[in-house]
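Participant: Here is a sequence with its predicted model. Questions after.
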Amino acid sequence: MALTIALVGNPNSGKTTLFNLLTGANQYVGNWPGVTVEKKEGYLRSNKEIKLADLPGIYSLSPYSPEEMISRSYLAENRPDAIINIVDGTNIERNLYLTTQLMDFGLPMVVAVNQMDMVQKSGDKLDVVALSKKLGLPVVAISALKNTGVDTLIQKAQEVAQKGLAPEPAKLNEHTENAIIEIENMLEHLPKESRRWYAIKALESDEAAFKEGEFAKLKAMGLSAIIESFEQLRNDEAESAIITDRYDLVEVFVRDSYRKKSVGLNTSDKIDRVVTNRVLALPIFAVVMFLVYYIAVTTVGAWVTDWTNEELFGDGFFLGKGKAAYEEATANYEEAEILKEAFESEAEKSGYDLQKDSFLQDAENLKVTAAWEDEEGEPVTKEVDIATYKEALTTLETEPEPEDFGRFVPGIPVVVENWMGEDATPWVKSLVLDGVVAGVGAVLGFVPQMFVLFFMLAILEGCGYMARVAFIMDRIFRRFGLSGKSFIPMLIGTGCSVPGIMASRTIENERDRRMTIVTTSFIPCGAKLPVIAMIAGALFGGAPWVSPLTYFIGMAAVIISGLILKKTRMFGGEASPFVMELPAYRLPAASNVLRSTWERGWSFIKKAGSIILLSSIVIWIISYVGFIDGRFVLVEDLNDGLAANIGNAIAWIFKPLGFGDWRSTVATTFGLVAKENVVNTFGILYRAPEIAEDGRQIWGMLAQTYTPAAGFSLLLFNLLCLPCFAAMGAIRREMNNARYTLFAFGYQTLFAYVVSLIVYQLWLLFTGASFTVASFIAVALLFAGIYLVVRPKQKLKGETL
Amino acid sequence: MRTLKDAKIGETVTVTGLQGTGALKRRVMDMGITRGTQVYVRKLAPLGDPVEVTVRGYELSLRKQEAEMIEIQ
């Protein structure tokens, strides 16, 4: 018989471990409609007939958080065949509080007391039989981590589900029970077993539990009078009175079944004494964050990203040895080309005929100095005489092929190109290679790094430190409407916004999470550094203050946006309560860490992938398709593509910002593919034959085109506007809501525009330019911005959390 | 009236009531701070806020602003 069992429990109760243990690989992760809360379902490993629904970790079934709303409407409306309520044995009172609420649904139910091994180890006593008697339902002691008692649990759950054995609801205070019965009588249209749950919700005036209009109907039937007299009897609000009842009841449950051996501090307490100690907390925090950053961004993360970008999505890579030898041979080959070139051109100038057989003898005494720049842009010179020239000719006879130097695996673009063969139409080839493979490759490059990061976040979460991060940083971040946990996305964002945005996952509060997602990409990421270096070099003589300044601007953008947004209707609402459990420190389970890493990484590839693929194709089309002589053709040169036309057409938009020429517009657009493309694009548009990472070859031309004010404004706009497509994909994935995603994109672009406008126009004013309409607008916008930051919080009607 | 915000670190206090309404009050109570509960004030975060308390055998952190809603003896 097919059964559905819901798994319900507190956060940190080991619910995820149990779910993974029971379902193994037979699980599906999705999102509940309309919210970012994860929806996990799976089939039992031991019995594929039984479906397990893993409801989000919750403390209660109040109407105030999306997790709780989802869980209770699932239980009330879908009515699974049974509930497995997982309870943390080391934290029994608060966990059983949820149990008393679950018992009101009239659904068959089993309680699984998890972490029994920990309970025994600490010397506490938990009498499962006594607890089972008190609760009136089966209680099974398990350890999800050690896989003990789990089979019995499933057997019991199946048994109650098949027999439809619902427990007697936990009896609350006498007055409460009387009021419940009175309301139950008004709910006769409902099936008997679900009346109690709705009656209690009605007594709590919890309108959200009812279908539209139904609560008003109850009120018309005399609900208000029942509540009023109940509150008078209890001398308390109904909602509080019921919570107090439940905790009183829990105390009765545990009185006879649980004995705490309360002597001294346990291991977790001892760790906590050090880790969140007043003096040591911040240094320890700094070290942990440095390690996360160091591993995820600078070392392991950077290695894997470089490998994917340059080798897997480049020419290819060697398995084992061969790379160094091949690179040396290639360098020699390239040098030989330069030497040959230098010698021959000098020889021609001196009147020798290269075609003559006797050339080598004729030019015997010729000596030439070849000069070029090495990879770092340093000038190199070398004397070339006839011997060197002959040597170079020998070197040039065979071009080094990577296959000759070891086991070489060609990169994906090479494989795809070979697979398409010689006969493929050029435009199809270009679309696939330059558009799809290059575009998707640019993004997939981040994936390994993201896996590294998610791995570390999973460890931080699993061991309990993540909650402490929030505890330590809360004071700073909450001023800006963010969460203490926003620190991690921002930190990671200095490396790359994509994993930074994805790291916002760890923030439970939806409002804080959304604010973090909108603001994370303001922090300059690694790919923006070349742009900063280019502007600093071209227009500010490489001044050392430009780069640090951009970081301050990034931080200021986060803070200002936080202050502005937290007062808006979309991000405002009631202040989120920061009543947070600090879970006990424990060793994270390896399987949980790996699974969480995999799920988050895969979800990025799947969901962000589509937007990235699509935008790569669009960008390719506008770059390589254009009108030439009135005909629509594939163009060779970016300068002729549609992108250049579009750039020209919309350049006027940026006039007030100081850089309204088509080149900067096109470069900014291509920056959306990847921010470092801004430099490359300028290189192509200025027709520079070759371009270094910081674009030093075009500094002179940039300096002629832009004033320092305009250049700075261009830099600001590129730093703050829409991030790259990969980051936009991440934003879309994490918002999981079209309205908020579009808002984020719009806000970032508008914010960047306004900031650049203000800075540019004020810069002009301060350097003695006359007051124009644009400067008036800039000043007005500045004051409007200041007003938005300092204005009092709006009174919002009908906002819930 | 004394509130949890006035309690000293290392002090164990008994909750006599809760102020406030709605989500915040519900959340505080859901986490087990109800009338008559014993709360041990454990420590202050390094930057001076929030507070860490032990309640019903586990660790809970709350802001001073929220601690101010909790009346104690």
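Facilitator: Done, it's in.
Participant: Where in chain A is the helix or strand with the lowest mean pLDDT?
Facilitator: In chain A, no helix or strand scores lower on mean pLDDT, DSSP states H and E than helix A:438-444, which sits at a mean of 68.
Participant: Tell me which helix or strand the residue nearest to A:Leu280 when sequence neighbours are not counted sits in.
Facilitator: With sequence-adjacent residues excluded and distances taken as Cβ to Cβ, 6 or more residues apart in numbering or on different chains, A:Leu280 is closest to A:Val274, at 6.1 Å. Where C-beta positions appear, they are placed from N, C-alpha and C, glycine not excepted. Using DSSP states H and E, A:Val274 falls within helix A:267-275.
Participant: Check which element follows that helix along the chain.
Facilitator: Counting by DSSP H and E, what follows helix A:267-275 is helix A:281-293.
Participant: Quick one: name whatever helix or strand follows that next one.
Facilitator: helix A:300-306.
Participant: ok so, going back, tell me the mean pLDDT for the helix holding A:Val274?
Facilitator: Averaging pLDDT along helix A:267-275 gives 82.
Participant: How about stretch A:391-398?
Facilitator: So the average pLDDT for stretch A:391-398 ends up being 84.
Participant: How about residues contacting that stretch?
Facilitator: A:332-333, A:335-337, A:339-340, A:343, A:384 (Cβ atoms under 8 Å, 6 or more residues apart in numbering or on different chains).
Participant: elements contacting the helix or strand where A:Arg195 lies?
Facilitator: According to DSSP H and E, A:Arg195 maps onto helix A:192-203. On a contact count with 3 or more Cβ pairs under 8 Å, 6 or more residues apart in numbering or on different chains; DSSP states H and E, helix A:192-203 meets helix A:174-186, helix A:223-234, helix A:238-257.
Participant: let's see it at 6 Å
Facilitator: Contacts defined by 3 or more Cβ pairs under 6 Å, 6 or more residues apart in numbering or on different chains; DSSP states H and E place helix A:192-203 against helix A:174-186.
Participant: Same question for the helix it packs on: list its buried residues.
Facilitator: Residues of helix A:174-186 classed as buried by neighbour count (16 or more other Cβ atoms under 10 Å in any protein chain shown): A:175-176, A:179-180, A:182-184, A:186.
Participant: same thing with stretch A:30-48?
Facilitator: Buried residues in stretch A:30-48 (16+ other Cβ under 10 Å): A:32, A:35-37, A:39-44.
Participant: Same check on stretch A:466-478?
Facilitator: A:466-475, A:477-478.
Participant: Could I have the PyMOL command that selects the buried members from the contacts of stretch A:391-398?
Facilitator: Selection command for PyMOL covering only the buried members of the contacts of stretch A:391-398, criterion 16+ other Cβ under 10 Å:
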select buried, chain A and resi 335+336+339+340+343+384
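Participant: and the stretch 401-550 of chain A, which of its residues are near chain B?
Facilitator: A:471-472, A:474-475 (Cβ under 6 Å from any Cβ of the partner chain).
Participant: just curious, which of those is nearest to chain B?
Facilitator: A:Arg475 (4.2 Å; Cβ to the nearest Cβ).
Participant: Backbone dihedrals for the residue lying closest to that closest one once chain neighbours are set aside, please?
Facilitator: Among residues not flanking A:Arg475 along the chain, B:Leu47 sits closest, at 4.2 Å (Cβ to Cβ, 6+ apart). Note on B:Leu47: backbone dihedrals following degrees, to the nearest 10 are phi -90, psi 10.
Participant: what's the answer for the one 3 residues further on, then?
Facilitator: Listed backbone geometry of B:Pro50 is phi -80, psi -170, with angles given as degrees, to the nearest 10.
Participant: I'd assumed B:Leu60 was in contact with it.
Facilitator: No: applying Cβ atoms under 6 Å, one finds B:Pro50 not in contact with B:Leu60, separated by 9.7 Å.
Participant: out of the two, which sits in the more crowded spot?
Facilitator: B:Pro50 (27 against 22; other Cβ atoms under 10 Å in any protein chain shown).
Participant: picking up where we left off before, can you tell me which of the residues of the stretch 401-550 of chain A next to chain B are in helices?
Facilitator: Using DSSP state H, the subset of these located in helices is A:471-472, A:474-475.
Participant: Show me which of these is closest to A:Asp362.
Facilitator: Nearest to A:Asp362 among these: A:Ile472, at 78.4 Å, using Cβ to Cβ.
Participant: Spatially, what comes nearest to the residue in the stretch 301-450 of chain A that chain B sits nearest to if we skip its sequence neighbours?
Facilitator: Proximity to chain B, evaluated over the stretch 301-450 of chain A using Cβ to the nearest Cβ, is greatest for A:Gly301 at 28.3 Å. Leaving aside its sequence neighbours, A:Gly301 sits nearest to A:Gln449 (Cβ to Cβ, 6+ apart; 4.0 Å).
Participant: Tell me who's in contact with the one you found.
Facilitator: A:301, A:304-305 (Cβ atoms under 6 Å, 6 or more residues apart in numbering or on different chains).
Participant: Okay, A:Ala216 and A:Ser205: tell me how far apart.
Facilitator: 12 Å (Cβ to Cβ, to the nearest Å).
Participant: can you pull the alpha-carbon coordinates of the strand or helix carrying A:Phe455 into PDB?
Facilitator: Secondary structure from DSSP H and E places A:Phe455 in helix A:446-463. This file holds the C-alpha atoms of helix A:446-463, laid out as PDB (Å, rounded to 0.1, in the frame of the first residue of the first chain):
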ATOM      1  CA  PHE A 446      32.900  29.100 -11.100                       C
ATOM      2  CA  VAL A 447      31.300  25.800 -10.300                       C
ATOM      3  CA  PRO A 448      34.300  24.000  -8.800                       C
ATOM      4  CA  GLN A 449      35.000  27.000  -6.700                       C
ATOM      5  CA  MET A 450      31.500  27.100  -5.600                       C
ATOM      6  CA  PHE A 451      31.700  23.400  -4.500                       C
ATOM      7  CA  VAL A 452      34.700  24.300  -2.400                       C
ATOM      8  CA  LEU A 453      32.900  27.100  -0.800                       C
ATOM      9  CA  PHE A 454      29.700  25.200  -0.200                       C
ATOM     10  CA  PHE A 455      31.700  22.400   1.300                       C
ATOM     11  CA  MET A 456      33.100  24.800   3.900                       C
ATOM     12  CA  LEU A 457      29.800  26.500   4.500                       C
ATOM     13  CA  ALA A 458      28.300  23.000   5.200                       C
ATOM     14  CA  ILE A 459      31.000  22.400   7.700                       C
ATOM     15  CA  LEU A 460      30.400  25.700   9.400                       C
ATOM     16  CA  GLU A 461      26.700  25.000   9.600                       C
ATOM     17  CA  GLY A 462      27.100  21.400  10.600                       C
ATOM     18  CA  CYS A 463      29.400  22.200  13.500                       C
END
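Participant: Hmm, A:Phe451 and the residue of the stretch 301-450 of chain A closest to chain B touching each other?
Facilitator: No: with contact defined as Cβ under 6 Å, A:Gly301 does not reach A:Phe451; the gap is 9.1 Å.
Participant: quick one: which of those two has more around it?
Facilitator: More crowded of A:Gly301 and A:Phe451, by other Cβ under 10 Å: A:Gly301, with 25 against 21.
Participant: Distance-wise, check the more buried one relative to A:Gly14.
Facilitator: For A:Gly301 relative to A:Gly14 (Cβ to Cβ), the value is 30 Å.
Participant: what do you get for A:Gly500?
Facilitator: For A:Gly500, the distance to A:Gly14 - Cβ to Cβ - is 29 Å.
Participant: So for the two, which sits in the more crowded spot?
Facilitator: Using other Cβ under 10 Å, the more surrounded residue of A:Gly500 and A:Gly14 is A:Gly500, with 29 against 26.
Participant: Next, the contact list for the more buried one, please.
Facilitator: Listed by Cβ under 6 Å, 6+ apart, the contact partners of A:Gly500 are A:489, A:492-493, A:520.
Participant: please redo it, this time with the cut-off set to 8 Å
Facilitator: Counting by Cβ under 8 Å, 6+ apart, A:Gly500 has contacts A:489-494, A:520-521, A:523, A:525.
Participant: Over to A:Val8?
Facilitator: A:15, A:55, A:58, A:71, A:75, A:83-86, A:98, A:102.
Participant: Many thanks, we can stop here.
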